[in-house]
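**Student:** Could you look at this predicted model? Sequence included:
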Amino acid sequence: MSTPETFTVTNPATGEQVGTYPVHTAADVEERVEQARLAQGWWADLGWVERKRRLNRWIADLGQRSDEICELAFREVGRPRGDGQFELIAGLEDVRWAAAHAEKVLGGKRVPPGLALFNFDAHVSYPPLGVVGVIVPWNVPVYTALCGLAYALAAGNAAVVKASEIAPGGTVLVIEAFYRANPDAPAGLVSWITGFGDTGNALCRSGVDKLAFTGSVPTGRKVMQACAENLTPVLLELGGNDVLIVAEDADIEAAADAIVWGGVFNGGQACVGIERVYVVESVREALLAKVKAKAAQITVGLGDTDSYGPMIVPSQIETVRKHVDAALAAGATALVGGPASVREPFVDPIVLVDVPEDCVTLTEETFGPLVVINSVPDTDEAVRRANSTPFGLGSSVFSADRGREIAAQIRAGGTVINACLTFVGMPSVPFGGVGHSGFGRFHGEDGLREFTSPKATLAKRFQLGPDMQSFPRKPEYFEQVRRMVKMRYARRRGV
Ligand code: NAD
């Protein structure tokens with residue numbers, strides 16, 4: 001037997017080698033999917049209550065290992081332990097919510113059969129899909145793995161998870177924790193695979209019953225193409241270019257706080273990070289002064305109290321550099337930082353103002369600690385500009401009185417009023433995007449239904465009038481049905 005190929009994971013800030021993982025081949029992936037298929041029946045047969053109990057055991061195991069998980073993220077990518085805790089909590093809340101609500105949401109229900117067919121009983125059930133493939137990015141590898149698994153497992157599916165080649169440790173750890181908490185679970189019910197794009201591609205082509213992908217737009221396109229071969233349905237959680245609107249009646253202190261935290265949290269390497277701010281001119285100067293003061297308090301490094309750590313992928317540093325240079329060349333002004341803030345592998349906070357709307361800095365996702373603040377005459381113009389991007393993941397509005405009115409006009413998967421990013425930690429509401437930010441939802445009732453195949457079961461109770469689904473047609477039936485059509489449809493009702 002040949003030795004499997006491996007790759008080594010190295011901390012971007014210290015160069016420390018943190019782990020070595022196999023490059024799984026298409027044959028390995030196929031084997032995992034087959035194993036998952038065999039194990040899935042056991043899991044589905046456990047029923048709601050027993051699955052919930054086992055998912056809660058998993059949460060307890062992960063809770064006990066929270067320090068280990070945060071330490072691993074710190075060693076692997078230099079993420080401050082506080083950010084590691086934030087990520088873990090968000091993921092655990094997903095598992096808890098999905099486990100607690102699966103029966104209520106997916107347990108099946110009788111529905112009204114409608115007047116025309118009231119001789120039937122109608123029932124909707126939500127059986128699991130079977131085996132779900134989950135592909136995870138590097139920026140939040142614990143959260144995205146837990147998020148995909150929470151809803152897929154609570155619905156009764158098995159899952160094969162492709163970890164990111166940049167940060168596989170956290171993903172592998174959470175899956176192994178499932179077996180520590182449930183040692184009797186059959187092998188392969190939940191499993192991890194590691195490797196690069198080819199391994200992910202093999203999972204897309206493996207015949208899984210759904211593929212939940214979290215990552216960049218270009219890879220999302222490839223995933224969708226590969227899944228099309230077997231008509232495998234996909235859920236795509238892709239990039240963002242999130243906006244924050246500051247209205248004239250906003251709490252400026254709170255808005256500035258959200259801009260700085262939401263813009264540079266995790267070094268800006270967050271799909272829902274704030275990248276674009278539109279502030280109404282009358283409060284522009286007050287906002288800029290607050291943002292500048294707050295950004296001055298940020299420290300970047302590997303200390304426990306540092307605000308965030310290194311850029312995790314070298315190509316992201318180049319993107320930040322390109323976006324800063326492009327904006328300044330196009331006439332923008334640096335309010336905080338500038339080209340010198342890019343000191344590899346760390347990037348200090350950068351806030352640019354008056355960036356032309358067609359500049360790449362605004363039209364593309366930066367995925368770094370860079371925020372643009374542009375001023376607008378009013379909130380109508382802010383909304384117009386907010387919606388002028390193909391992305392639409394999260395968004396925020398700061399306004400004392402008009403938050404809901406403005407939020408309703410923003411084209412995005414979610415909007416937070418007077419705060420930011422909150423939907424990540426609130427599993428009861430759907431989470432996902434529109435346009436280039438993807439489609440399908442994690443979280444909430446919609447997130448649970450994503451991993452099921454809704455099924456209608458109709459039972460005839462008695463024969464009602466002429467049977468239109470039977471031969472031979474009797475001539476008198478035509479007249480009876482004609483009268484019924486006139487009575488039911490020909491009258492103007494509600495017009
Ligand atoms: P990426 O697209 O480069 O990689 C994501 C995963 O896809 C990795 O595991 C990678 O190995 C795998 N992959 C690569 N090529 C593949 C292929 N051809 N087929 C199948 N899988 C393949 O993304 P990334 O750089 O790891 O993550 C950053 C991106 O993820 C950003 O754009 C960010 O906005 C996005 N993101 C979105 C969300 C969300 O919820 N919408 C959350 C986190 C990150």
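**Tutor:** Structure received.
**Student:** who in the chain is up against the ligand?
**Tutor:** Contact residues, the chain versus the ligand (CB under 6 Å from any ligand atom): 135-140, 144, 162, 164-165, 196-197, 200-201, 204, 214-216, 219, 222-223, 237-240, 271, 365, 367, 393, 433, 438. To be clear about C-beta, it is placed using only N, CA and C from the backbone, and glycine gets the same treatment.
**Student:** Show me which of those are buried.
**Tutor:** Buried by 16 or more other CB atoms under 10 Å: 135-140, 144, 162, 164-165, 200-201, 204, 214-215, 219, 222-223, 237-240, 271, 365, 367, 393, 433, 438, out of those.
**Student:** Distance check, residue 125 against residue 353.
**Tutor:** Separation of residue 125 from residue 353 (CB to CB, to the nearest Å): 55 Å.
**Student:** if you count what's nearby, which of those two comes out ahead?
**Tutor:** Between residue 125 and residue 353, residue 353 has the larger neighbour count (other CB atoms under 10 Å), namely 20 against 14.
**Student:** So that one versus residue 274, what's the distance?
**Tutor:** Taking CB to CB, one finds residue 353 at 14 Å from residue 274.
**Student:** now do residue 287
**Tutor:** 13 Å.
**Student:** Start from the N-terminal end of the stretch 201-350 of the chain and give the strands.
**Tutor:** Taking DSSP state E, counting those that start in this stretch as the test, the strands found in the stretch 201-350 of the chain are 210-214, 234-237, 242-246, 274-280, 333-336, 342-343, 346-347, 350-353.
**Student:** Need these in a markdown table (columns: mean pLDDT).
**Tutor:** Listed next are the strands of the stretch 201-350 of the chain as a markdown table, based on pLDDT from 0 to 100:
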| stretch | mean pLDDT |
| --- | --- |
| strand 210-214 | 98 |
| strand 234-237 | 98 |
| strand 242-246 | 98 |
| strand 274-280 | 98 |
| strand 333-336 | 98 |
| strand 342-343 | 94 |
| strand 346-347 | 97 |
| strand 350-353 | 98 |
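**Student:** Can you tell me which of the ones you listed is most buried?
**Tutor:** Burial of the strands of the stretch 201-350 of the chain is given as mean neighbour count (mean count of other CB atoms under 10 Å); strand 242-246 ranks first at a mean of 29.
**Student:** Phi, psi for the closest residue to residue 393 other than its chain neighbours please.
**Tutor:** Excluding its sequence neighbours, the residue lying closest to residue 393 (CB to CB, 6 or more residues apart in numbering) is residue 240, at 3.2 Å. Phi and psi for residue 240, reported as degrees, to the nearest 10, are phi -140, psi 170.
**Student:** Chain neighbours aside, what residue packs nearest to residue 317?
**Tutor:** The nearest residue in space to residue 317 (CB to CB, 6+ apart) is residue 311, at 4.8 Å.
**Student:** Give me the below-cutoff pLDDT ranges for the stretch 201-350 of the chain.
**Tutor:** Counting by pLDDT under 70, not a single residue of the stretch 201-350 of the chain qualifies.
**Student:** Show me where it has its helices.
**Tutor:** Secondary structure of the stretch 201-350 of the chain (DSSP state H, counting those that start in this stretch): helices at 217-228, 252-264, 284-295, 314-329.
**Student:** Kindly report the same for the stretch 51-200 of the chain.
**Tutor:** Taking DSSP H, counting those that start in this stretch, the helices of the stretch 51-200 of the chain run over residues 66-77, 81-106, 141-154, 169-181, 197-204.
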